[in-house]
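Colleague: Turn this into a structure:
(2 chains)
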Number of protein chains: 2
Amino acid sequence: MTAATLIIGDEILIGQVADINSAAISRCLNALGIQVVQMRAVGDHAPSISTALSELLPLVDIVIITGGLGPTKDDKTKTILAQYFGAKQMVIDPAALQNVQRIASQSGFEMNELNRQQALVPDVCTVLPNALGTAPGMWFERDGKVVIALPGVPFEMEHILHNEVAPRLQQQFATPHIAHSTVLIFGIAESMLAKQIEAWENALPAHLHLAYLPTALGIKLRLSTYNGSDHATSLHAIQQQFESLQTIIPSYFVGFGDHTLEHFVANILCQKKYTVATAESCTGGNIAALLTSVSGSSAYFKGGVVAYDNAVKERVLGVAAGDIEQFGAVSRQVVTQMAQGVQRLMGTDFAIAASGIAGPTGGTADKPVGTVWLAAAHPTGVETLLLQLGNAPRHRIVARASATALNLLRCVGTW
Amino acid sequence: MTAATLIIGDEILIGQVADINSAAISRCLNALGIQVVQMRAVGDHAPSISTALSELLPLVDIVIITGGLGPTKDDKTKTILAQYFGAKQMVIDPAALQNVQRIASQSGFEMNELNRQQALVPDVCTVLPNALGTAPGMWFERDGKVVIALPGVPFEMEHILHNEVAPRLQQQFATPHIAHSTVLIFGIAESMLAKQIEAWENALPAHLHLAYLPTALGIKLRLSTYNGSDHATSLHAIQQQFESLQTIIPSYFVGFGDHTLEHFVANILCQKKYTVATAESCTGGNIAALLTSVSGSSAYFKGGVVAYDNAVKERVLGVAAGDIEQFGAVSRQVVTQMAQGVQRLMGTDFAIAASGIAGPTGGTADKPVGTVWLAAAHPTGVETLLLQLGNAPRHRIVARASATALNLLRCVGTW
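Modeller: You can find the predicted model right below:
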């Protein structure tokens, strides 16, 4: 069973926003055993949309369209789908209208004609309710193929996808032959990793496919099979391979599953009932934001200080002014005192601190852009780490430094 | 002049990562007057890649491919392109090899065969140097069409795109007929905005196309023209329309240009030489991270406190324990004291604070998930704002609350 995504919107085509809907759709379909074989984006332009549908439908069983259902004049999808599926007329769907009215009254805005039109659908579709927004989804069928149109706003799209689309697809199509699983590796370059695990990789059975996925938060390794006998058996075979991989690179192996580094760290802190605080300069609150992005983080995260200004480092965190003058704000001495200062201030078991030069300005010959000192204070001392992240873009230096700080906490926390 | 992007990678097709390269490529090409008419993603699967090339090349003048050039075994693009363009053999490119050696020695890893293979290219391409990574880009030509292959890692891709691809395309193809420009609107729902600016929209000249782009950080409105006589004249016409729009919705109109809210806020703070601090609970450091994502933010941002635990709100920010008990941590009283406390602690002109329930747990009947109190302390008082963001996903509540806090600071800061 195969599918394609078709993303509609000039804002995608001109690069104003990246398409994140295709990835969410693919994850959902994969879990049902449906393989996405193509993702395509075209503009708000009727012939391009019709052509894309005509090219994709012979290729796959299911096409999921997002975008173009909004209330404003640049949105064309609904009209095109009505024509494409031979609708006789557009009709007001009573439940969709009621939903628009509910949202209008909750949000305190007055219904206008544009809002009302959101409930207008072609008479040949099944309406998929959208509890989080005014544009409903639509389900069309022709010649055994399914075309589903969803709003482009990602959280509305995902809501309808999981609550309306997935159950219907499962009933109509689902086949459990796809399985894949992921592990997270941190602290080693892709080519070195490939060399270290070469023998393991070469010994993999032919039906298991390995993929490397480098991210700012580590390298994900994924094993997939597209023709396993059943889902549980395939997953078990993959799990066994990963367990053997873990024994080959134990120090870089963060954990099993498609989780992010912050989730692995959160799990350790929760299990051991440790508490943590953060003191950040160059990362500007990003480490705290990562730690608190996990639901339930109040169990382990007490708080943090973003000490951008040196006076804040001194006054709030108790860093010695003389050390800032002598060694600079980006130094082992200062980052150590930042970690210890916030550990004391917040009364936590652990604390992590970062001070560096995120660029593009502020670098010197001694301390070029990308120089970052990290410290992890634990109950009996402080570990420090110097990073040289090179002349990468500002957001990338912040992301790498934040991730490495979390990994340092993970290493210190698992002692 | 038209182009398409072709993104290669199983990790994209299974939804493990979203494609952000297409958007970056499109922005770059648009600036050269080249219109991207399709974006497509396919897996690491030779027939899919060849088919995509065969379908896209008749449609456009330029295809830019990303992905599949890495050192590991799942990467197939290079071999397929060699076949597709009739290469006689793969050859080591001396400059690319030297680059790999330089990166290996800088990063302290030992060259292995996989690294060496990065310098292997088809004998029919022009090599595009990659100073930030080991995989070079490649430029192929056939029948007046151009196919460019770039690595999939976004910051390496963008580096080659801007330094190697754009200058060559400009020389060979560029036509300056596309123009578009954007303004940022904040604090009004899309349908209400559409109603308020209906007369303005209807009066737009036919060659200007309006698009609405709702984001978590406001609604972007974009005016485009694809057949203007010259770039400067088109941009001037667009600018005049936006200036007239500004007089219609002055209070929602954040500013001109495709900037983010944090950049508009940064500009105001820099111009007026104001300083600011943050006190965050539910947003967990995100407001500070947004403020410091702008290069040069140390001019206005002194620091912040992430006060997740109530004890931290009391001890570090001086919030009255009795008020937390009486009104709750998510209250006008507490958020006001958080803002004033951090303003005092950091010695700044302004301070913003946020306290709310990001969910999915922690909501009550009185204060459901999505309830967020914001405060902006200024030199002569404090403004507060209550948000009800509904039962949206955690990251979305954090993003909306952070954006609204920045906008509150913008409004207070422009007084």
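Colleague: quick one: contacts for the most centrally placed residue in chain A?
Modeller: Nearest to the mean C-alpha position of chain A, by Cα atoms, centre = their mean, lies A:Thr260 at 8.4 Å. Contacts for A:Thr260 were tallied using Cβ atoms under 8 Å, 6 or more residues apart in numbering or on different chains; they are A:184, A:217. Backbone N, C-alpha and C define where each C-beta goes, glycine included.
Colleague: Report all helices and strands that the longest helix anywhere in chain A contacts.
Modeller: The residue-count maximum for a helix in chain A (DSSP state H) belongs to helix A:394-413. If you count contacts as 3 or more Cβ pairs under 8 Å, 6 or more residues apart in numbering or on different chains; DSSP states H and E, helix A:394-413 packs onto helix A:261-272, helix A:286-292, strand A:350-356, strand A:371-378, strand A:381-388.
Colleague: Can you point out the buried residues in it?
Modeller: Neighbour-count burial for helix A:394-413 flags A:394, A:396-413 (criterion: 16 or more other Cβ atoms under 10 Å in any protein chain shown).
Colleague: Equivalent analysis for stretch A:265-274, please.
Modeller: Neighbour count says stretch A:265-274 has A:265-266, A:268-269, A:274 buried, by 16+ other Cβ under 10 Å.
Colleague: is it possible to export the helices and strands packed on helix A:394-413 to TSV including distance to B:Lys313 and mean pLDDT?
Modeller: Converted to TSV, the helices and strands packed on helix A:394-413 look like this (distance: least, Cβ to Cβ, whole Å; pLDDT from 0 to 100):
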stretch	distance to B:Lys313	mean pLDDT
helix A:261-272	21	93
helix A:286-292	15	97
strand A:350-356	18	97
strand A:371-378	22	97
strand A:381-388	26	94
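Colleague: Of these, give the one that comes closest to chain B.
Modeller: Of all the helices and strands packed on helix A:394-413, it is helix A:286-292 that lies closest to chain B, at 2.9 Å by Cβ to the nearest Cβ.
Colleague: what helices or strands is the very next helix or strand once past the closest one leaning on?
Modeller: Following helix A:286-292 in sequence order, the next helix or strand is strand A:301-307 (DSSP states H and E). Contacts defined by 3+ Cβ pairs under 8 Å, 6+ apart place strand A:301-307 against strand A:276-280, helix A:286-292, helix A:332-346, strand B:301-307, helix B:310-315.
Colleague: okay, the angle between the fourth one and strand B:350-356?
Modeller: Read it as strand B:301-307. For strand B:301-307 against strand B:350-356, the angle by axes from the mean of the first three to the mean of the last three Cα atoms, to 10 degrees is 20 degrees.
Colleague: Can you list the strands that strand B:301-307 pairs with?
Modeller: Paired neighbours of strand B:301-307 in the sheet (DSSP bridges): strand A:301-307 (antiparallel), strand B:276-280 (parallel).
Colleague: quick one: which of those is nearest A:Ala320?
Modeller: Smallest distance to A:Ala320 across the strands paired with strand B:301-307 (Cβ to Cβ): 13.6 Å, for strand A:301-307.
Colleague: what sits up against the closest one?
Modeller: Outside strand A:301-307, the residues that touch it by Cβ under 8 Å, 6+ apart are A:275-281, A:284-285, A:287-288, A:291-292, A:312-313, A:316-317, A:319, A:338, A:342, A:345-348, B:278, B:284-285, B:288, B:292, B:303-309, B:311-312, B:316.
Colleague: what's the domain layout of chain A?
Modeller: A:2-172, A:179-256, A:261-413 (automatic domain parsing).
Colleague: For burial, what's the neighbour tally of the nearest residue to A:Val276 once chain neighbours are set aside?
Modeller: Distances taken as Cβ to Cβ, 6 or more residues apart in numbering or on different chains place A:Phe350 nearest to A:Val276, at 4.5 Å, with adjacent residues excluded. By other Cβ atoms under 10 Å in any protein chain shown, 21 other residues sit near A:Phe350.
Colleague: confidence score at the nearest residue to A:Leu128 once chain neighbours are set aside?
Modeller: Leaving out its chain neighbours, the residue that sits closest to A:Leu128 by Cβ to Cβ, 6+ apart is A:Gly137, at 3.3 Å. Per-residue pLDDT puts A:Gly137 at 95.
Colleague: quick revisit: where does the residue nearest to A:Val276 sit relative to A:Val265, distance-wise?
Modeller: Going from A:Phe350 to A:Val265 by Cβ to Cβ, to the nearest Å gives 10 Å.
Colleague: ok, now A:Tyr226?
Modeller: Taking Cβ to Cβ, one finds A:Tyr226 at 33 Å from A:Val265.
Colleague: Just the strands from the stretch 1-150 of chain A, written as ranges.
Modeller: A:2-8, A:35-42, A:62-66, A:90-92, A:120-122, A:126-128, A:137-142, A:145-150 (DSSP state E, counting those that start in this stretch).
Colleague: can you list residues touching both of A:Phe350 and A:Val265?
Modeller: Common contact partners of A:Phe350 and A:Val265 (Cβ under 8 Å, 6+ apart): A:409, A:413.
Colleague: show me where the stretch 151-300 of chain A has strands.
Modeller: For the stretch 151-300 of chain A, the strands defined by DSSP E, counting those that start in this stretch cover A:179-185, A:209-215, A:218-225, A:253-256, A:276-280.
Colleague: Any buried residues in stretch A:149-156, and which?
Modeller: Residues of stretch A:149-156 classed as buried: A:149-154, A:156 (neighbour count, 16+ other Cβ under 10 Å).
Colleague: one step back: return the most buried member of the strands of the stretch 1-150 of chain A.
Modeller: Scoring the strands of the stretch 1-150 of chain A by mean neighbour count under mean count of other Cβ atoms under 10 Å in any protein chain shown gives strand A:62-66 as the most buried, with a mean of 26.
Colleague: how close does the closest residue to A:Val372 other than its chain neighbours get to A:Met39?
Modeller: Spatially, and ignoring its direct neighbours in sequence, A:Val372 is nearest to A:Gly356 (2.9 Å; Cβ to Cβ, 6+ apart). For A:Gly356, the distance to A:Met39 equals 37 Å [Cβ to Cβ].
Colleague: returning to that earlier point: which among the contacts of strand A:301-307 count as buried?
Modeller: Of the contacts of strand A:301-307, these count as buried by 16+ other Cβ under 10 Å: A:275-281, A:284-285, A:287-288, A:291-292, A:312-313, A:316-317, A:319, A:338, A:342, A:345-346, A:348, B:278, B:284-285, B:288, B:292, B:303-309, B:312, B:316.
Colleague: Can you name the residues that contact A:Ala329?
Modeller: By Cβ under 8 Å, 6+ apart, the contact set of A:Ala329 is A:281, A:310, A:313, A:355.
Colleague: pretty sure it is in a strand, no?
Modeller: No - assessed with DSSP: H, G, I helix; E, B strand; the rest coil, A:Ala329 is coil; it does not lie in a strand.
Colleague: What number of residues are in the vicinity of A:Pro360?
Modeller: So A:Pro360, with other Cβ under 10 Å, has 14 neighbours.
Colleague: show me the contacts for the spatially closest residue to it that is not a sequence neighbour.
Modeller: Of all residues not flanking A:Pro360 in the chain, B:Ser295 sits nearest, at 5.8 Å (Cβ to Cβ, 6+ apart). By Cβ under 8 Å, 6+ apart, the contact list for B:Ser295 reads A:358-361, A:394.
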